Structures are given as C-alpha cells and as structure tokens.
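Visitor: Have a look at this prediction, sequence included:
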Amino acid sequence: MHTLLEDIRACRLCADSFAATETAHEPRPVLRAAPTARLLIAGQAPGMKVHLSGMPFTDPSGDRLRDWLGIGPDTFYDETRVAIVPMAFCFPGYRKGSDLPPPALCAATWRARVMAELPEIRLTVLVGGHAQRWHLGVKTGVTETVARWRDFSPAVLPLPHPSWRNTAWLNRNPWFEAELLPVLRTLVAEVLA
C-alpha cells in the first residue's frame, strides 16, 4: 500500500482541468489509509480548506462527521484504524462559487486498487451520493438511499454530507438523528474496539 499511496499523492491526471477552474489550483491528493484500517470513510472530494491543510475533514463538516461517528480527532486521524478515502482525492475547484463534482477519472483510475489494499474494513461509511453510487450501485438520490440504511447495515451505512448546507435536510429528516446515528455510533465503537 505504501507504493500505491505514493503514486496517488504524485498523481497529476487532473492538472489541466484544475488549472481551468476559478481557483486555478494544482492537484493535491488527500487521503489516509493503511491495510489495518477497519473503518472506511468514503467521502466525495476534498473542499478548499482540506486542499490547503492537506488533511481530510479539517473543516466544520469534519467536526459534524466526527460527532456523528462518536469519535474524536485522535481516533479519526489514526490511519491504522480509520481509512479516509474520498471518491476523488483532490479538490475539484469552483464553478460560479460552488464546488465542482468529483472528477470520475480519479475513481476510475484509483478506487479499485485502493479498495483491494484495505482487507480489514468492517464498516464502510458512505458520505454523499457519489460514494453511495459507486459502492452500492444505487441510482437513487441521497435521501432515498440514506432512508434505506437498514438494507445496507451493518457493513455499510450511507450518510448525507455533513456540510452546513445540509442543515435544512437534517431538520426535514429527524429520523436520521433519532434512528440512524445511534446505530452508526454503536457500529463504529464495535469496529474500532
């Protein structure tokens, strides 16, 4: 896995695409993984704050996600226990002030290889629609997929993105906090014990 991670961190496949965005930035792949990890966080793509920090979920979304999982930063960033592998490893840039979607080229190039190097994963947390479509093969939207979480548990749990932009979604779907989050926290504790 060490060589694979070095290859990913050196990847420049999307350099021209990123240079053409509003941010005109260089690729900076951000992920954390080790073959011993038992929990996989499969997100969408890093945002600008993560691009700048080089660490996944170093933003308010990360704070909310860690709260949902019931773990602190020390556990969350222990790559021997928690793999954080987004669908695209680099910040895709902005269009009209909004994040662009994760480039499909990233998952097509790297995803299967990374998953093959994570044999100990016991729980996969799918954050957002891109991860849910790739891992589950669903064609449904996030709300419907997350509402069907029992169909995928205990090995996989789909979540909405923990972004502040989804606060209204959380308010409209109180079952998420009341029903899914307690199960998520229990499963995470069991997997990481």
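Guide: Yep, it's here.
Visitor: can we go C-alpha only for contacts and neighbour counts from here?
Guide: OK.
Visitor: Excluding residues flanking it in the chain, which one is nearest the residue positioned nearest the centre of the chain?
Guide: For the chain, the residue nearest the mean C-alpha position is residue 43 (1.5 Å; CA atoms, centre = their mean). Of all residues not flanking residue 43 in the chain, residue 86 sits nearest, at 4.2 Å (CA to CA, 6 or more residues apart in numbering).
Visitor: what lines up beside the lowest-mean-pLDDT helix or strand in the chain in the sheet?
Guide: Using mean pLDDT, DSSP states H and E, strand 98-99 stands out as the lowest-scoring helix or strand of the chain, at a mean of 88. Next to strand 98-99 in the sheet, as set by DSSP bridges, lie strand 94-95 (antiparallel).
Visitor: which residues touch the partner strand?
Guide: Contacts to strand 94-95, defined as CA atoms under 8 Å, 6 or more residues apart in numbering, come from residues 21, 22, 23, 100.
Visitor: between the residues you listed, which is closest to residue 47?
Guide: Minimum separation from residue 47 among these (CA to CA) is found for residue 100, which lies at 9.6 Å.
Visitor: about what we covered before: buried residues, the helix or strand that comes right after the least confident helix or strand of the chain. List them.
Guide: As assigned by DSSP states H and E, the chain's next helix or strand after strand 98-99 is helix 104-106. Using 16 or more other CA atoms under 10 Å as the test for burial, helix 104-106 gives residue 106.
Visitor: Let me know the average pLDDT across helix 104-106.
Guide: When pLDDT is averaged over helix 104-106, the result is 96.
Visitor: Name the residues of the next helix or strand after it that come out as buried.
Guide: Sequence order places helix 112-116 as the next helix or strand after helix 104-106, per DSSP H and E. Judged by neighbour count (16+ other CA under 10 Å), helix 112-116 contains these buried residues: residue 114.
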